[in-house]
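> got a predicted structure plus its sequence, pasted below:
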Amino acid sequence: MISLSGIARFALGMTLFGAAGAAAEVTLDLTFGWQKSAIEVPSVSLSSAADQAVRFTRVSGLISEIAFVRPDGTKVQLPGQFGFFDAASDRHQISLHNVPPGNYTGLSIRIGVPEKTNH
């Protein structure tokens with residue numbers, strides 16, 4: 001589920017182990033897509049479920065409020081970390097620092113920045 005004005009959640013399964021329980025460095029590698037298929041940006045003309053023509057000319061943004069989700073639903077927040085992505089300049093990797101070791105089943109992010117941070 002991706003909400004451009006709110007929080008995006010992604011399903012994943014991973015266990016992070018740092019050396020002697022140390023925090024890990026994690027790189028998110030984003031793939032830009034449409035209807036479960038990767039696309040190039042700018043894209044060719046694509047069709048929506050309603051048979052409307054869609055073309056992506058720019059995909060870029062900031063992510064914030066990054067949190068890894070544990071199997072019990074609790075979140076491990078990574079305060080103060082932000083990431084920028086931009087398909088046109090091939091910026092699709094976002095580095096996250098000091099991620100605590102653990103078993104995670106999801107990732108929660110905000111696309112954009114909170115109003116408090118933005119003003």
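Right, received. Where do you want to start?

> just checking, residue 63 touches residue 114?
No - if you go by CB atoms under 8 Å, residue 63 and residue 114 don't touch, sitting 11.5 Å apart. C-betas here are computed from N, CA, C, even on glycine.

> who has more neighbours, the two?
For residue 63 versus residue 114, neighbours defined as other CB atoms under 10 Å are more numerous around residue 63 (21 against 10).

> in the sheet, who's paired with the residue most central in space within the chain?
Closest residue to the average C-alpha location of the chain: residue 109 at 6.0 Å, with CA atoms, centre = their mean. On the basis of DSSP bridges, residue 109 is bridged to residue 8.

> show me what counts as buried in stretch 31-45.
39, 43 (16 or more other CB atoms under 10 Å).

> got the contact list for residue 70?
Residues in contact with residue 70 (CB atoms under 8 Å, 6 or more residues apart in numbering) are 76, 102, 103, 104, 105.

> can I get stretch 91-102 in PDB, CA atoms only?
What follows is stretch 91-102 as a C-alpha-only set of coordinates in PDB (Å, rounded to 0.1, in the frame of the first residue of the first chain):
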ATOM      1  CA  ARG A  91      19.100   7.900  -7.300                       C
ATOM      2  CA  HIS A  92      17.300   4.700  -6.200                       C
ATOM      3  CA  GLN A  93      19.300   3.700  -3.100                       C
ATOM      4  CA  ILE A  94      18.700   5.100   0.300                       C
ATOM      5  CA  SER A  95      21.100   4.300   3.200                       C
ATOM      6  CA  LEU A  96      19.800   3.800   6.700                       C
ATOM      7  CA  HIS A  97      22.200   3.900   9.600                       C
ATOM      8  CA  ASN A  98      22.200   2.400  13.100                       C
ATOM      9  CA  VAL A  99      19.400  -0.100  12.500                       C
ATOM     10  CA  PRO A 100      19.200  -2.300  15.600                       C
ATOM     11  CA  PRO A 101      19.600  -6.000  15.200                       C
ATOM     12  CA  GLY A 102      16.300  -7.800  15.100                       C
END
